[in-house]
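Peer 1: build the 3D model from these lines:
(one chain, ligands or ions: 1)
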Amino acid sequence: SAAEKGGFDWFMRKEIYEQPKAVADTLLGRHDENGRLTLDEVRISEEELRRIDKIIIIACGTASYAGLVAKYAIEHWTRIPCEVELASEFRYRDPIVGPTTLVVAISQSGETADTLMAIRHAREQRARVLAVCNTNGATIPRESDAVIYTHAGPEISVASTKGFLTQIVACYLLGLYLAQVRGTKFGDEIASTMAELAAMPDAIASVLEDMDPVLKLAADFAEERVVLFLGRHVGYPVALEGALKLKELAYIHAEGFAAGELKHGPIALIEDGLPVFVVIPPRGRDMLHDKVLSNLQEVRARGARTVVLAEADDDEVLPYADVLVPLPKVSTLLQPLLATVPLQMFACELATLKGHDVDQPRNLAKSVTVE
Ligand code: G6P
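Peer 2: This is a model prediction of the structure:
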């Protein structure tokens, strides 16, 4: 009913708007009185965590894209090699796993069969398994050594939204905690990243206040058959997630590409009028912003209709943006928490305009409990 949906037309739209609170709830109570990170649910001893020499993140669907985002942060903060693998692939390829491997299973429902089978396999190889999960007492956290709950509240819509954002946040907490335990980052660096994370609920809320350009875009693009998404670094999994949402909800052929791979294939697809979303990294000390800016120029020069997600005051992108979706200023690693939101809304709105059941897309299930 409309009341259950909080006055929204779909659970998905309601859950998109719940993201500021969901992220705040993921962050709640993660400090002790001295400002140190405390993750009570990580029941693996600090000594064992110091011995970890490899992290493997396993997940399916949207959760796997949260894992891809997390890899950048976890390796950067902890200097522990971190792989991300689809749960359905991990189980059947004889992976190298042992007592000093930390397997992180990300699952909103905690019931996905492939992910469950993968952690069982990992535990047989004596790996430590930590679940990032939204559902209290679900099978995956019960069968893991440790768990970080995302506390996002129930997610009803089949397509994951607040699940995704809070999985990223929970993985970031894990990365910072490992950095603290292992001493790869100093307390003040951890504290400043935590402060940035604490500011994210307000930043996400401000993105949500300005959805008109995206809603209008959905109307303009309702008849499109193909949409491409480009991103680099953490913007790459954001591009993958934007494309997945369009496939799931609007049944549009959509692909996400690493912007740097453009000239190795995808650029051949660009033709006049093709819609291309480009996630532009924040301007910073690294070269990322300029690299993706030049990819934007390349697709625009070949006739693409560009939708550019960039910092609100990024004037350099303006000449190449048919539509600009402005984002608040944040550091690179946190940008996915903002850039994903308009892409979720775009897919939700486009599917609505096409008359699809947004909460229950054809052929999909909320939780895939068979292999
Ligand atoms: C299904 C859902 C997706 C979800 C995936 C993984 O495919 O439709 O939205 O991302 O399962 O689910 P999990 O509960 O393991 O995160």
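
Peer 1: what segments of the stretch 51-200 of the chain are strands?
Peer 2: Secondary structure of the stretch 51-200 of the chain (DSSP state E, counting those that start in this stretch): strands at 54-59, 82-86, 101-107, 128-133, 146-149.

Peer 1: those strands: which one's closest to I252?
Peer 2: Smallest distance to I252 across those (C-beta to C-beta): 22.6 Å, for strand 82-86. C-beta: built from backbone N, CA, C; applies to glycine.

Peer 1: touching the ligand at all, that closest one?
Peer 2: No. Strand 82-86 stays clear of the ligand (C-beta under 6 Å from any ligand atom), getting no nearer than 10.4 Å.

Peer 1: okay, the angle between that strand and strand 54-59?
Peer 2: Angle, strand 82-86 to strand 54-59, by axes from the mean of the first three to the mean of the last three C-alpha atoms, to 10 degrees: 30 degrees.

Peer 1: partners of strand 82-86, with directions?
Peer 2: Taking DSSP bridges as the criterion, strand 82-86 forms sheet pairs with strand 54-59 (parallel).

Peer 1: how about the partner strand as PDB, C-alpha atoms only?
Peer 2: Only the C-alpha atoms of strand 54-59 are listed here, as PDB (Å, rounded to 0.1, in the frame of the first residue of the first chain):
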ATOM      1  CA  LYS A  54      45.200 -11.400   1.600                       C
ATOM      2  CA  ILE A  55      41.600 -10.300   1.400                       C
ATOM      3  CA  ILE A  56      39.100 -11.800  -1.000                       C
ATOM      4  CA  ILE A  57      35.700 -10.100  -1.300                       C
ATOM      5  CA  ILE A  58      33.000 -12.300  -2.600                       C
ATOM      6  CA  ALA A  59      29.500 -11.300  -3.600                       C
END
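
Peer 1: got a pLDDT number for the residue most central in space within the chain?
Peer 2: Per C-alpha atoms, centre = their mean, the C-alpha nearest to the average position across the chain is that of A66, at 3.6 Å. Looking at A66, its pLDDT reads 98.

Peer 1: so it touches A59, yeah?
Peer 2: Yes. Using C-beta atoms under 8 Å, A66 is in contact with A59, at 7.0 Å.

Peer 1: what do the two both touch?
Peer 2: Common neighbours of A66 and A59, using C-beta atoms under 8 Å, 6 or more residues apart in numbering, are I106.

Peer 1: which residues touch the residue nearest to the centre of the chain?
Peer 2: A59, I106, V132, F164, Q167, I168, C171, P237 are the contacts of A66 under C-beta under 8 Å, 6+ apart.

Peer 1: who wins for neighbours among those residues?
Peer 2: I106 (35 neighbours; other C-beta atoms under 10 Å).

Peer 1: dig out what it forms beta bridges with.
Peer 2: Bridge pairing for I106 - DSSP bridges - gives V132.

Peer 1: that one against V132, yeah?
Peer 2: Yes. I106 is within contact range of V132, at 4.5 Å (criterion: C-beta under 8 Å).

Peer 1: overlap of the contact sets of these two?
Peer 2: Counting by C-beta under 8 Å, 6+ apart, the residues touching both I106 and V132 are A66, Q167, C171.

Peer 1: could I get the pLDDT score of the second one?
Peer 2: In the prediction, the pLDDT value recorded for Q167 is 98.

Peer 1: now it, nearest residue through space, not along the chain?
Peer 2: Once flanking residues are discounted, Q167 sits nearest to A66: 3.7 Å by C-beta to C-beta, 6 or more residues apart in numbering.

Peer 1: show me where the stretch 1-150 of the chain has its helices.
Peer 2: Using DSSP state H, counting those that start in this stretch, the helices of the stretch 1-150 of the chain run over 11-17, 19-27, 46-51, 61-78, 87-90, 113-124, 139-142.

Peer 1: can I get these in JSON lines with distance to the ligand?
Peer 2: Output for the helices of the stretch 1-150 of the chain, formatted as JSON lines (distance: least, C-beta to the nearest ligand atom, whole Å):
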{"stretch": "helix 11-17", "distance to the ligand": "10"}
{"stretch": "helix 19-27", "distance to the ligand": "14"}
{"stretch": "helix 46-51", "distance to the ligand": "24"}
{"stretch": "helix 61-78", "distance to the ligand": "3"}
{"stretch": "helix 87-90", "distance to the ligand": "8"}
{"stretch": "helix 113-124", "distance to the ligand": "5"}
{"stretch": "helix 139-142", "distance to the ligand": "8"}
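
Peer 1: still on that earlier bit, widest-spaced pair of the contacts of A66?
Peer 2: V132 and P237 (15.2 Å).
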